[in-house]
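**Student:** Would you be able to build a 3D model of this:
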Amino acid sequence: MALALAQRIARIGLVAGPVLALAVYFVLPETFVAAGGKSVAFTHAGRATLAMMTWMATWWMTEAVDIEVTALLPIATFPLAGIMPLGRTTANYGADVIYLFLGGFVLALAIQRWGLDRRIAFATLRMVGTRPKAIVAGTMAATALVSMWVSNTATAAMMVPIVLSVIDVALRRRTGKGLAEHGGIPGEDRDMSNFALSALLGIAYAASIGGLGTIIGSPPNGILVRFVEQTSGIRIGFLEWMAIGVPAMLAFLPLAWFLNTTVMFPSRMTEIEGGREYVRDEWAKLGPLNAGERATLAVFVVTVALWMSSSVLSTWTVGGTRPLAGLSDAGIAILAAIALFLIPVDRAKGVRAMDWATAQKLPWGVLILFGGGLALAAATEANGVPQYIGSLAAGFAGWPVWAVLLAIIAIMVFMSELTSNTAQVATMLPILAALAPVLGVPAGMLLVPATIAASCAFMMPVGTPPNAIVFGTGLVRMPQMIRAGLWLNLTGILVIFALTYVVVVPTIGAGR
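**Tutor:** Numbering: from 1, shown residues only. Below you'll find the predicted structure:
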């Protein structure tokens, strides 16, 4: 039923995208009244840009075609429509933030290839013990930590089998049968069922929350960083983003754990019998760090250290010159990737920490999606679209800033339940940047919370890949996911709203 509905929406969207684009182009005025009452010409390029924004947003929201295909539209249409020359359009598909993610993806693949992520997970379980609430806390913490550096999809895919194994052990100790024999969690065992739900949903939530912590943790973060640099010339470095993202993660994660284990799915289980033995045995199977893990861990530590100190190193002066002035986050990421391809793990067999067969598993589509979003943002900035949107937003001038901010956060959170958060952010950032001057606030005050909100979809299986992976276990039913996710969405809206004033505004400064 749901699949048939999605297919119907996609078919409608396929036609609606170009039709709405044409309608928007012909409806838009050739002049508009800007701030201050001055009449300004709205050029053909500006109107065509808004039309293409409508087309791309429609295809993205309805998933009429794969979202990566929609991201390629600017290359074909922008030069034809007179929006932007081909060279300037395609330059966005090679932006520095794309190479930052490319290097980050290679590093993440190396972490997965050698099992370093699994070691982190079991190390955490060894520390937290075998009480149900502690297990959920430990697995959520491990998931969030890994998700800061590895894609949330890969993190959830790695953590869910570990959690399922713990649930299976607990169920066998209580009933003598495992998940397979029972065909799931026995409905009459409410405590066991609640533990399983809180553990599985905790993985989905933590994978998304962990992605807030770093620029490479979630694609919307990278879109925002590049957009801000592209439109205002302000560079947000790795450490600067962490000053916002890590507090957001640290505020969100305990709340998600509390809601999950205490409010939504409380369990009276005190200890998982046999849990310690399971964790101990799995840890023993891992053995000492292998050569691949050691090499990857060394590269990872050096890379993170360089990312966090790049702003200082790039200004280091020796004899009146700055030898590391060209150091950048993207350059560091690519150096890390190259190092992994060079470092030998088994000289006799010619095995290195990374090979191209593994690198081919990169999520190349995400990089294309980046390019399309950045091309759209560049076109809106170049063709005066923000000024026009600003004139339309003049009606918000009398609104309290807090009310507009709260509405934006809520819209972004619930919108991301049904659309790609990367595509959503790429579409909304130019609009929000135009709204900021109307409200008399720095653009970052709207852009940053909106970007964070786009990564906080917890209700629907389609909201994020981790949600889908957890739902795919068959142990979480749709009503349970929606009910728990709704509470977390509402909590998230308030948390992001508070963080905007407590963390974001002091960090970005009055000028951003």
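**Student:** Going by C-alpha atoms from here, please, whenever you check contacts or count neighbours.
**Tutor:** Noted.
**Student:** count of neighbours near Glu277?
**Tutor:** Neighbour count for Glu277, taken as other Cα atoms under 10 Å: 12.
**Student:** should've said Thr175
**Tutor:** Here the number of neighbours of Thr175 (other Cα under 10 Å) works out to 11.
**Student:** Could I get the buried residue list for stretch 485-496?
**Tutor:** For stretch 485-496, burial by neighbour count (16 or more other Cα atoms under 10 Å) applies to 485-489, 491-493, 495-496.
**Student:** Over to stretch 219-234?
**Tutor:** Applying 16+ other Cα under 10 Å to stretch 219-234 flags 219-228, 230 as buried.
**Student:** farthest pair in the residues you listed?
**Tutor:** With Cα to Cα as the measure, no two of those lie farther apart than Pro219 and Gln230, at 16.5 Å.
**Student:** The buried residues of stretch 219-234 in helices, which ones?
**Tutor:** Here DSSP state H is the test, and these give 219-228, 230 as lying in helices.
**Student:** How about Arg173: what's its closest non-neighbour residue?
**Tutor:** The shortest distance from Arg173 to any non-neighbouring residue, by Cα to Cα, 6 or more residues apart in numbering, is to Glu273 (6.2 Å).
**Student:** give the contact list for the one you found.
**Tutor:** 130, 170, 173 (Cα atoms under 8 Å, 6 or more residues apart in numbering).
**Student:** Compare those and tell me which is most surrounded.
**Tutor:** Ala170 (26 neighbours).
**Student:** Confirm for me that that residue is in contact with Tyr278.
**Tutor:** No. Ala170 is not in contact with Tyr278 according to Cα atoms under 8 Å; the separation is 10.1 Å.
**Student:** By pLDDT, give me the weakest of the contacts of Glu273.
**Tutor:** Least confident entry in the contacts of Glu273, by pLDDT: Arg173, with 73.
**Student:** Buried residues in the host helix or strand of it, which are they?
**Tutor:** Using DSSP states H and E, Arg173 sits in helix 152-175. Buried residues in helix 152-175, counted by 16+ other Cα under 10 Å: 152-160, 162-172.
**Student:** what's the distance between it and the middle of its chain?
**Tutor:** 24 Å (Cα atoms, centre = their mean, to the nearest Å).
**Student:** swap in stretch 306-314?
**Tutor:** 23 Å.
**Student:** Doesn't Thr77 lie inside a strand?
**Tutor:** No. Per DSSP: H, G, I helix; E, B strand; the rest coil, Thr77 lies outside any strand segment and is helix.
**Student:** That one: neighbour count?
**Tutor:** 16.
**Student:** who are the neighbours in contact with it?
**Tutor:** Thr77 touches nothing, counting by Cα under 8 Å, 6+ apart.
**Student:** That one and Asn92: what is the separation?
**Tutor:** 15 Å (Cα to Cα, to the nearest Å).
**Student:** which stretches of the stretch 401-512 of the chain aren't confidently modelled?
**Tutor:** 418-419, 462, 509-512 (pLDDT under 70).
**Student:** make that the stretch 1-150 of the chain, sorry
**Tutor:** 1-3, 34-37.
**Student:** isn't Ile135 right next to Gly129, touching?
**Tutor:** Yes. Here Ile135 reaches Gly129: they are 6.8 Å apart, a contact under Cα under 8 Å.
**Student:** if you count what's nearby, which of those two comes out ahead?
**Tutor:** Ile135 (24 against 17).
**Student:** which ones are touching the more buried one?
**Tutor:** Applying Cα under 8 Å, 6+ apart, we find Ile135 in contact with 125, 128-129, 199.
**Student:** now, which of these sits nearest Lys349?
**Tutor:** Leu125 (34.4 Å).
**Student:** who's in contact with that closest one?
**Tutor:** Neighbour list for Leu125: 135, 138-139, 279 [criterion: Cα under 8 Å, 6+ apart].
**Student:** Within the helices and strands, which one has the closest residue to Met158 other than its chain neighbours?
**Tutor:** Spatial nearest neighbour of Met158, chain neighbours left out: Arg118 (7.2 Å); criterion: Cα to Cα, 6+ apart. Arg118 is part of helix 116-128, with elements assigned from DSSP H and E.
**Student:** Beyond that helix, next helix or strand please.
**Tutor:** helix 132-147.
**Student:** which SSE is Arg88 in?
**Tutor:** helix 86-91.
**Student:** Flag every buried residue along that helix.
**Tutor:** Neighbour-count burial for helix 86-91, with 16+ other Cα under 10 Å as criterion, is recorded at 86, 89-90.
**Student:** Check which helices and strands the longest helix anywhere in the chain sits against.
**Tutor:** Assignment by DSSP H gives helix 2-27 as the longest helix of the chain. Secondary-structure packing of helix 2-27 (3 or more Cα pairs under 8 Å, 6 or more residues apart in numbering; DSSP states H and E): helix 44-62.
**Student:** Show me which positions of the next helix-or-strand element following the helix it packs on end up buried.
**Tutor:** Under the assignment DSSP H and E, the closest C-terminal helix or strand after helix 44-62 is helix 67-70. Under the neighbour-count criterion of 16+ other Cα under 10 Å, helix 67-70 has 67-70 buried.
**Student:** ok, back up a step: from the buried residues of helix 86-91, pick the one nearest Val448.
**Tutor:** For the buried residues of helix 86-91, the nearest to Val448 is Thr89 (25.1 Å; Cα to Cα).
**Student:** Spatially, what comes nearest to that closest one if we skip its sequence neighbours?
**Tutor:** Among residues not flanking Thr89 along the chain, Ala375 sits closest, at 5.7 Å (Cα to Cα, 6+ apart).
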